[in-house]
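Chemist: Dropping the sequence and predicted coords here.
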Amino acid sequence: MALVAARGTLLRAGVRLGTEAAACGRNGTRRSASHRVLVEPDAAAGIATIKFKNPPVNSLTLEFLTELIICLEKLENDKTFRGVILTSNSPGIFSAGLDLREMCGKNPAHYAEYWRAVQELWLKLYVSNMILVAAINGASPAGGCLMSLSCDYRVLADNPRYKVGLNETLLGIVAPFWFRDTLVNTIGHRASERALQLGLLFPPAEALQVGMVDQVVPEDQVHSTALSVITQWLAIPDHARQLTKSMMRKATTDNLIKQREADIQNFVSFISRDSIQKSLQMYIEKLKQKKS
Ligand SMILES: CC/C=C\C/C=C\C/C=C\CC/C=C/CC(=O)SCCNC(=O)CCNC(=O)[C@H](O)C(C)(C)COP(=O)(O)OP(=O)(O)OC[C@H]1O[C@@H](n2cnc3c(N)ncnc32)[C@H](O)[C@@H]1OP(=O)(O)O
């Protein structure tokens with residue numbers, strides 16, 4: 001049902017599914033989608049690289065989310081691909097997280113549609129049968145960080161500007177329980193409590209120390225490191241690895257699935273509050289002023 005809704009959004013946005021399908025095809029040569037998600041398949045290796053291309057900061061607009069969801073679903077259903085690297089086409093920014101403008105000044109129906117797409121992307125990533133490795137080649141706050149936390153392994157480029165973390169409280173908003181659970185599953189309860197309350201954004205050395213990422217490497221080695229990690233993981237028999245992944249993660253996704261509609265209603269009523277809208281507007285304004 002969520003995919004049908006996603007396709008509806010894509011079609012309304014004028015995205016041609018034929019082009020998208022071609023981009024996620026099994027051909028071994030380099031191909032790219034015409035929109036916000038580039039896919040570089042390596043059929044012989046069984047690996048595809050997904051590159052985010054939603055300028056200026058790869059924020060998760062509804063259209064970008066929808067393209068990502070459809071792309072992941074196509075790769076998931078194509079048994080050629082057993083591993084995927086997620087990275088940015090614009091080194092410097094992995095993803096700025098949820099698009100602030102999707103959560104500001106819109107109507108409840110829009111917020112509900114948007115949040116369903118955010119949930120869907122997380123569900124697709126977190127229990128994917130494929131090996132997912134995040135090659136984090138830029139700043140990755142909030143929803144950008146959640147995407148990488150949902151992968152099986154994270155490689156971060158060693159650049160002090162590339163901070164990662166769930167900074168929601170700095171915006172006056174609250175990370176929902178499934179963001180929290182994803183973080184707790186990765187770095188443990190105490191570290192998550194501190195990181196979430198303070199909205200901490202960790203530079204590479206600290207991110208490694210706290211366990212937000214698995215490896216920090218020089219910027220020009222992020223992709224090759226991700227590739228060698230995925231190659232190691234590919235050596236494990238799929239059925240055993242997949243069942244183990246499911247055993248570790250399914251309870252977390254089931255928790256959202258069983259209260260998905262309530263979570264959407266919760267988000268809509270929270271984000272629609274005047275006080276929250278004001279906080280978001282002030283934050284957007286602050287980002288603008290930073291430039292001048
Ligand atoms: C009990 C519980 C109760 C209720 C809970 C219920 C529900 C939960 C409710 C809410 C949870 C919602 C969860 C949200 C998670 C998120 O992801 S929120 C988004 C957080 N993102 C950020 O904080 C990142 C902000 N951006 C930056 O820090 C910088 O832009 C960045 C470091 C990414 C890049 O810096 P730089 O290269 O200098 O670029 P600029 O800052 O100049 O930005 C360029 C233009 O891009 C615009 N922009 C930046 N980020 C976003 C964004 N996330 N969305 C939309 N637009 C963004 C920026 O404004 C600039 O635009 P301009 O050129 O000025 O038009």
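Modeler: Great, that's in hand.
Chemist: only C-alpha atoms for contact and neighbour calcs from this point on.
Modeler: OK.
Chemist: Excluding covalently adjacent residues, which one is nearest to whichever residue of the stretch 101-250 of the chain sits closest to the ligand?
Modeler: Relative to the ligand, the nearest point of the stretch 101-250 of the chain is residue 143 (3.6 Å; CA to the nearest ligand atom). Distances taken as CA to CA, 6 or more residues apart in numbering put residue 97 closest to residue 143, at 3.8 Å, once the chain neighbours are dropped.
Chemist: Give me the pLDDT value at the one you found.
Modeler: Per-residue confidence at residue 97 stands at 98 (pLDDT).
Chemist: Look up phi and psi at residue 85.
Modeler: Main-chain dihedrals, residue 85, degrees, to the nearest 10: phi -100, psi 130.
Chemist: Could you tell me how many residues sit around it?
Modeler: Residue 85 has 25 neighbours, counted by other CA atoms under 10 Å.
Chemist: Against residue 217, how distant is the residue nearest to residue 143?
Modeler: 23 Å (CA to CA, to the nearest Å).
Chemist: quick one: which of the two has more around it?
Modeler: When residue 97 and residue 217 are compared for neighbours, residue 97 comes out ahead with 21 against 15, by other CA under 10 Å.
Chemist: Spell out which residues of the stretch 51-200 of the chain are next to the ligand.
Modeler: 56-57, 59, 96-101, 139, 141-143, 168, 173-176 (CA under 6 Å from any ligand atom).
Chemist: List only buried entries from these.
Modeler: Buried by 16 or more other CA atoms under 10 Å: 57, 59, 96-100, 139, 141-143, 168, 174-175, out of those.
Chemist: can you give me the strands for the stretch 51-200 of the chain?
Modeler: Per DSSP state E, counting those that start in this stretch, the stretch 51-200 of the chain carries strands over the ranges 83-88, 92-93, 131-136, 138-141, 153-157, 164-165.
Chemist: what would those look like in a markdown table with mean pLDDT?
Modeler: What follows is the strands of the stretch 51-200 of the chain, written out as a markdown table (pLDDT from 0 to 100):
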| stretch | mean pLDDT |
| --- | --- |
| strand 83-88 | 98 |
| strand 92-93 | 98 |
| strand 131-136 | 99 |
| strand 138-141 | 98 |
| strand 153-157 | 99 |
| strand 164-165 | 98 |
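Chemist: ok, back up a step: which of the buried ones among the residues of the stretch 51-200 of the chain next to the ligand sit farthest apart?
Modeler: The largest distance within these, taken as CA to CA, falls between 57 and 174 and amounts to 21.6 Å.
Chemist: Isn't residue 280 up against residue 99?
Modeler: No - counting by CA atoms under 8 Å, residue 280 stays clear of residue 99, with 10.9 Å between them.
Chemist: dump the residue contacts of the residue of the stretch 101-250 of the chain closest to the ligand.
Modeler: 60, 95-98, 166 (CA atoms under 8 Å, 6 or more residues apart in numbering).
Chemist: Same list, those, but as CSV with distance to residue 151 please.
Modeler: Below are these laid out as CSV (distance: CA to CA, whole Å):
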residue, distance to residue 151
60, 17
95, 14
96, 17
97, 15
98, 17
166, 15
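Chemist: Just name the closest of those to residue 133, please.
Modeler: Closest to residue 133, out of all of those and judged by CA to CA, is residue 95, at 15.0 Å.
Chemist: Quick check: that closest one vs residue 191, distance?
Modeler: With distances taken as CA to CA, residue 95 is found 23 Å from residue 191.
Chemist: Between the two, point out the one with more neighbours.
Modeler: Per other CA under 10 Å, whichever of residue 95 and residue 191 has more neighbours is residue 95, with 33 against 15.
Chemist: was I right about the more buried one contacting residue 58?
Modeler: Yes - at 4.7 Å, residue 95 counts as touching residue 58 under the criterion of CA under 8 Å.
Chemist: related to what we said a few turns ago, can you redo the buried ones among the residues of the stretch 51-200 of the chain next to the ligand as JSON lines with distance to residue 198?
Modeler: Shown next, in JSON lines, are those (distance: CA to CA, whole Å):
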{"residue": "57", "distance to residue 198": "23"}
{"residue": "59", "distance to residue 198": "22"}
{"residue": "96", "distance to residue 198": "18"}
{"residue": "97", "distance to residue 198": "17"}
{"residue": "98", "distance to residue 198": "19"}
{"residue": "99", "distance to residue 198": "21"}
{"residue": "100", "distance to residue 198": "20"}
{"residue": "139", "distance to residue 198": "18"}
{"residue": "141", "distance to residue 198": "13"}
{"residue": "142", "distance to residue 198": "13"}
{"residue": "143", "distance to residue 198": "16"}
{"residue": "168", "distance to residue 198": "9"}
{"residue": "174", "distance to residue 198": "11"}
{"residue": "175", "distance to residue 198": "12"}
